[in-house]
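1. sharing a model prediction with you, sequence too.
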Amino acid sequence: KNQVEQSPQSLIILEGKNCTLQCNYTVSPFSNLRWYKQDTGRGPVSLTIMTFSENTKSNGRYTATLDADTKQSSLHITASQLSDSASYICVVSADNTDKLIFGTGTRLQVFP
Amino acid sequence: EPEVTQTPSHQVTQMGQEVILRCVPISNHLYFYWYRQILGQKVEFLVSFYNNEISEKSEIFDDQFSVERPDGSNFTLKIRSTKLEDSAMYFCASSYFTGTANTGELFFGEGSRLTVL
């Protein structure tokens, strides 16, 4: 069964600190992996998209990595800001379907 | 910056009533989607739509649901005879390319919160 699992479920950090969020997936045949940011009660906003051949992709203070062999991805946030408080969702798509498979997300809270 | 807009932002309805959720996708996009998110749960795919027909639907998208692009700009989700378990946030999304295998960017709206009493 195609699944996306994320850890930790929630995370609290102080402003200015770095953090890394984890994603494991069992989606086949793999097409691409995305990280989304979702503020409470809002729609998801794309941060990065990576295909099988890409190991890392950055978007400002966000850096995603992908290991397609172990089916793991991470999202690293550098120098966190209060506005980074949100859910971060790992999303995977398979090669033979329109649908995106969402993880449950990591709820990040950044405190001053 | 172009965006996907959804109306209403919140709708409360009685069980058994019909509901229509509306979306205006980004104007040059070709692929349209509905997803839903029950409170506290993950976002789930409902349906994809291309060239005026459904291209894929999930097991959630049963005969109670229908989609339509009535006038070339709006994209609607109709839920007939709503049930308590239909209470969720419904997200519309659009993309220029099919948003999965071609790594096309999917743009999501802000969602329509449906509460069924």
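-> Noted; the coordinates are in hand.
2. drop to CA atoms for contacts and neighbour counts, all remaining ones
-> OK.
3. quick one, strands of the chain?
-> Unless you meant another one, I'm taking chain A. A:3-7, A:10-14, A:19-26, A:30-38, A:45-51, A:56-59, A:62-67, A:72-77, A:86-94, A:100-102, A:106-111 (DSSP state E).
4. meant chain B, my bad for not saying
-> Under DSSP E, chain B gives strands at B:5-7, B:10-13, B:19-24, B:31-37, B:43-50, B:53-57, B:65-68, B:75-79, B:88-95, B:107-108, B:112-116.
5. what's the closest of those strands to A:Leu11?
-> strand B:43-50 (20.0 Å; CA to CA).
6. angle of the closest one against strand B:88-95?
-> With axes from the mean of the first three to the mean of the last three CA atoms, to 10 degrees as the basis, strand B:43-50 and strand B:88-95 are set at 40 degrees to each other.
7. strand B:43-50 - contacts with which helices or strands?
-> strand A:100-102, strand B:31-37, strand B:53-57 (3 or more CA pairs under 8 Å, 6 or more residues apart in numbering or on different chains; DSSP states H and E).
8. contacting residues around it?
-> With contact meaning CA atoms under 8 Å, 6 or more residues apart in numbering or on different chains, strand B:43-50 is reached by A:98-104, B:30-37, B:54-61.
9. ok and the residue in chain A nearest chain B?
-> Proximity to chain B, evaluated over chain A using CA to the nearest CA, is greatest for A:Gly43 at 4.4 Å.
10. shouldn't that residue be in contact with B:Phe108?
-> Yes - if you go by CA atoms under 8 Å, A:Gly43 and B:Phe108 touch, sitting 5.7 Å apart.
11. how about TSV for the helices and strands packed on strand B:43-50, with distance to B:Leu21 and mean neighbour count added?
-> Converted to TSV, those look like this (distance: least, CA to CA, whole Å; neighbours: other CA atoms under 10 Å in any protein chain shown):
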stretch	distance to B:Leu21	mean neighbour count
strand A:100-102	21	22
strand B:31-37	10	24
strand B:53-57	17	15
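12. nearest to A:Asp39, of those?
-> strand B:31-37 (13.3 Å).
13. gap between the closest one and the chain center?
-> 4 Å (CA atoms, centre = their mean, to the nearest Å).
14. what's the answer for stretch A:94-106, then?
-> Worked out by CA atoms, centre = their mean, stretch A:94-106 lies 12 Å from the chain centre.
15. any buried residues in that stretch, and which?
-> Judged by neighbour count (16 or more other CA atoms under 10 Å in any protein chain shown), stretch A:94-106 contains these buried residues: A:94-95, A:97-106.
16. closest to A:Ile12 out of those?
-> Using CA to CA, those come closest to A:Ile12 at A:Thr106, 10.4 Å.
17. contacting residues for the closest residue in space to the closest one that isn't next to it in sequence?
-> Excluding the flanking residues, the one nearest A:Thr106 by CA to CA, 6 or more residues apart in numbering or on different chains is A:Gln9, at 4.7 Å. The neighbours of A:Gln9, taking CA under 8 Å, 6+ apart as the test, are A:104-107.
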